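**Student:** Fold the following, please.
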Amino acid sequence: MPLLLAACQHQRTYFPRQVDCPEVHLIRFDSALLHAPDNDMTGHVRRLYADYPDFMPVFVEYILGFSARDTSALVQALPKFLDDTVYGFRATNAYEQEVFADVSAIERELSHAFGRVGWLYPDMEQPTLYLFVSGFQAAIHFVENGIAVGADMYLGSDYPYYNRVVHQYQMQTMRKECIPVDVVSAWLFSHIPNTSTKNRLLEQMLYRGKVMYLLSCIFSDLPGYEVMGYTPEQWDWCLHYERAIWNRMMDKRDLFRSEQRILSSYLNEGPFTLEVSQESPGRLGTWVGWRIVASYMEHHPEVSLQDLMADGDAQHILEESYYKP
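**Tutor:** Below you'll find the predicted structure:
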């Protein structure tokens, strides 16, 4: 297996110099689906079921909205999904095949990332990874023992059809280059539980902040704004107003609140973080949580990444972070 040379953007080195990297291959369900013959849709459907017995039923039920057993309805409906011009599927599916003609760079990045994940967590299984077209319905979709990536949701922030299906603020991360971080992030969030017994904003912030810190070590060559899914301008805004953000959170005592409205405002995707400013980016709670965790790790070189992720005492991490922006 290929070897990964470890280099971390933090002062501390969390990984050995060489880490064994698994070979990662994206299963190209997208290409298999889109290369349909014009005169034998029934045979095409049968081949898809035979070649992709684990994923084809998932695709039919959760993306197309049909019973996986109703192949006759699927034979009638699939051509519309492949060629519909009203919603731009024909053009989008053709463009997806151009953008993703070569996925070797994505596979290499995922190989490096899962090498590091596997070194930290040897018992964590490596996911099976599919590439598919979703009809603008899903960027990341969990399947049994794996993740399916909706490639049509990563065609570039300026892809014209996105104006019809998503909000402007969502387009920043709808780029091919964002797939490795999105995949590993989804896998970590699904496999590393929040061990805190409280549901205050503080606990939710630091749980997400810990995962972001871990991601920044795994993808140590990426700038922080790419790991966070921000633009460089959004990242700079946060740094410039960091003290004001923190003072506002403390003055309102939002850290210790658990109302869903507060949690959603600070943690969910959105054009801005309402509790702070309409000039701010969304998910400021996650960003501040990451900053607190980074300060904590800077002050505690004896703490490993595994210990950090297992620590559910958010109050302790906050106090020991000496976070003072």
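
**Student:** the strands in the stretch 51-200 of the chain, which residues?
**Tutor:** Listed in chain order, the strands of the stretch 51-200 of the chain (DSSP state E, counting those that start in this stretch) span 128-132, 140-143, 146-150.

**Student:** Turn the ones you listed into TSV, including mean pLDDT and mean neighbour count.
**Tutor:** Every C-beta, even on glycine, is put in place using the N, C-alpha and C of the backbone. Below are those laid out as TSV (pLDDT from 0 to 100; neighbours: other CB atoms under 10 Å):
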stretch	mean pLDDT	mean neighbour count
strand 128-132	98	22
strand 140-143	96	17
strand 146-150	97	23
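
**Student:** and those as a markdown table, adding distance to residue 191?
**Tutor:** Listed next are these as a markdown table, based on distance: least, CB to CB, whole Å:
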| stretch | distance to residue 191 |
| --- | --- |
| strand 128-132 | 14 |
| strand 140-143 | 11 |
| strand 146-150 | 11 |
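
**Student:** so which of the ones you listed gets nearest residue 111?
**Tutor:** With CB to CB as the criterion, residue 111 lies closest to strand 128-132 of those, at 10.8 Å.

**Student:** Which other helices and strands does that closest one contact?
**Tutor:** strand 27-28, helix 29-34, strand 146-150 (3 or more CB pairs under 8 Å, 6 or more residues apart in numbering; DSSP states H and E).

**Student:** so where's the chain uncertain?
**Tutor:** Where the chain drops to pLDDT under 70, the residues are 1-11.

**Student:** do you know which of the strands of the stretch 51-200 of the chain lies nearest residue 209?
**Tutor:** Nearest of the strands of the stretch 51-200 of the chain (CB to CB): strand 140-143, 20.5 Å.

**Student:** What is that closest one packed up against?
**Tutor:** Under the contact definition 3+ CB pairs under 8 Å, 6+ apart, strand 140-143 sits against strand 146-150, helix 179-191.

**Student:** Just the CA coordinates for the shortest one, please, in PDB.
**Tutor:** Listed next in PDB are the C-alpha coordinates belonging to strand 146-150 (Å, rounded to 0.1, in the frame of the first residue of the first chain):
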ATOM      1  CA  GLY A 146     -20.400   3.300   3.200                       C
ATOM      2  CA  ILE A 147     -21.100   6.700   1.700                       C
ATOM      3  CA  ALA A 148     -22.500   7.700  -1.700                       C
ATOM      4  CA  VAL A 149     -21.400  11.000  -3.200                       C
ATOM      5  CA  GLY A 150     -23.900  12.900  -5.400                       C
END
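
**Student:** returning to that earlier point: pick the most deeply packed of the helices and strands packed on strand 140-143.
**Tutor:** Ranked by mean neighbour count under mean count of other CB atoms under 10 Å, the helices and strands packed on strand 140-143 are led by strand 146-150, which reaches a mean of 23.

**Student:** What strands flank it, and is each parallel or antiparallel?
**Tutor:** Partner strands for strand 146-150, per DSSP bridges, with pairing direction: strand 128-132 (parallel), strand 140-143 (antiparallel).

**Student:** Quick one: closest of the helices and strands packed on strand 140-143 to residue 157.
**Tutor:** When those are compared (using CB to CB), the closest one is helix 179-191, at 13.7 Å.

**Student:** what angle do the helix or strand just after the closest one and helix 179-191 make?
**Tutor:** Downstream of helix 179-191, the next assigned helix or strand under DSSP states H and E is helix 201-218. Comparing the axes of helix 201-218 and helix 179-191 via axes from the mean of the first three to the mean of the last three CA atoms, to 10 degrees yields an angle of 130 degrees.

**Student:** Against which helices or strands is the helix or strand that helix 201-218 is followed by packed?
**Tutor:** Going down the chain from helix 201-218, the next helix or strand is helix 224-228, by DSSP H and E. Helix 224-228 is packed against helix 201-218, helix 232-240, helix 284-299, with contacts defined by 3+ CB pairs under 8 Å, 6+ apart.

**Student:** Columns distance to residue 249 and mean neighbour count on top of those helices, output as TSV?
**Tutor:** Below are the helices and strands packed on helix 224-228 laid out as TSV (distance: least, CB to CB, whole Å; neighbours: other CB atoms under 10 Å):
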stretch	distance to residue 249	mean neighbour count
helix 201-218	8	24
helix 232-240	13	15
helix 284-299	7	23
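
**Student:** And those: which comes nearest residue 139?
**Tutor:** Short answer: helix 201-218, nearest of the helices and strands packed on helix 224-228 by CB to CB, at 16.5 Å.
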